[in-house]
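> quick one, what's the 3D model for this:
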Amino acid sequence: MFNLGPTFIWTAVNLIILYVVLRLLLFKPVTAMMEKRTNTIKSNLEEAEKAKADAAQLKQDYELQLKNAASEAERIISEARAKAEAEYEAIIKAAKEKADKIIEKSRMEIEHERQQMVKEIKNQVASLAIAAASKVLEANMDTERNREIVDRFIDKEGVA
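Residues are numbered from 1 along each chain as shown. The predicted structure is shown next:
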């Protein structure tokens, strides 16, 4: 069966020494290196997850800012439209008021001119009537009496 001779013992001792030496010199550094590499990979994965979360948060923030900017732009446009509409209405109102004033002034001028013309025509008719009456009558009536008669005639006939 098994021969437990000195060769076997020396081989077993050599194997134990080799195992201890390999464990101290090779297994521990390799295990430490593997552990370090595992920790580095875990750290990198955690950093990548954190960067991914940060990027998602930034994206969400930018989308919110974009939405707010769009709302602000819409508000500004709406305010500008309202202001322009109010200004338009004010301009139209001012123009209408100015046109109404011009029309009223023109009416007053026309009425004044009409009254002046009526007065002038009345005076001319009175003068013509006096001249005609004085030629026809050539009586001893004075000019004041003639004026009264003509004024009564004009008032009665409604020439003015």
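
> other SSEs contacting the top helix by length along the chain?
The single longest helix within the chain, with elements called by DSSP state H, is helix 28-137. If you count contacts as 3 or more C-beta pairs under 8 Å, 6 or more residues apart in numbering; DSSP states H and E, helix 28-137 packs onto helix 143-157. (Glycine included, C-beta is placed from N, CA and C.)

> next one: the helix it packs on to chain centre, how far?
For helix 143-157, the separation from the chain centroid amounts to 74 Å (computed by C-alpha atoms, centre = their mean, to the nearest Å).

> with stretch 14-21 instead?
87 Å.

> what's the answer for stretch 45-60, then?
That offset, for stretch 45-60, works out to 38 Å (C-alpha atoms, centre = their mean).

> would you mind writing the CA trace of it as PDB?
In PDB, the C-alpha atoms belonging to stretch 45-60 read as follows (Å, rounded to 0.1, in the frame of the first residue of the first chain):
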ATOM      1  CA  LEU A  45     -20.200  51.500 -10.500                       C
ATOM      2  CA  GLU A  46     -21.300  53.600  -7.500                       C
ATOM      3  CA  GLU A  47     -19.800  56.700  -9.200                       C
ATOM      4  CA  ALA A  48     -21.500  55.800 -12.500                       C
ATOM      5  CA  GLU A  49     -24.900  55.400 -10.700                       C
ATOM      6  CA  LYS A  50     -24.400  58.700  -8.900                       C
ATOM      7  CA  ALA A  51     -23.400  60.400 -12.200                       C
ATOM      8  CA  LYS A  52     -26.500  58.800 -13.900                       C
ATOM      9  CA  ALA A  53     -28.700  60.100 -11.100                       C
ATOM     10  CA  ASP A  54     -27.100  63.500 -11.300                       C
ATOM     11  CA  ALA A  55     -27.600  63.600 -15.000                       C
ATOM     12  CA  ALA A  56     -31.300  62.600 -14.600                       C
ATOM     13  CA  GLN A  57     -31.700  65.300 -12.000                       C
ATOM     14  CA  LEU A  58     -30.000  67.900 -14.300                       C
ATOM     15  CA  LYS A  59     -32.200  66.800 -17.200                       C
ATOM     16  CA  GLN A  60     -35.300  67.200 -15.000                       C
END
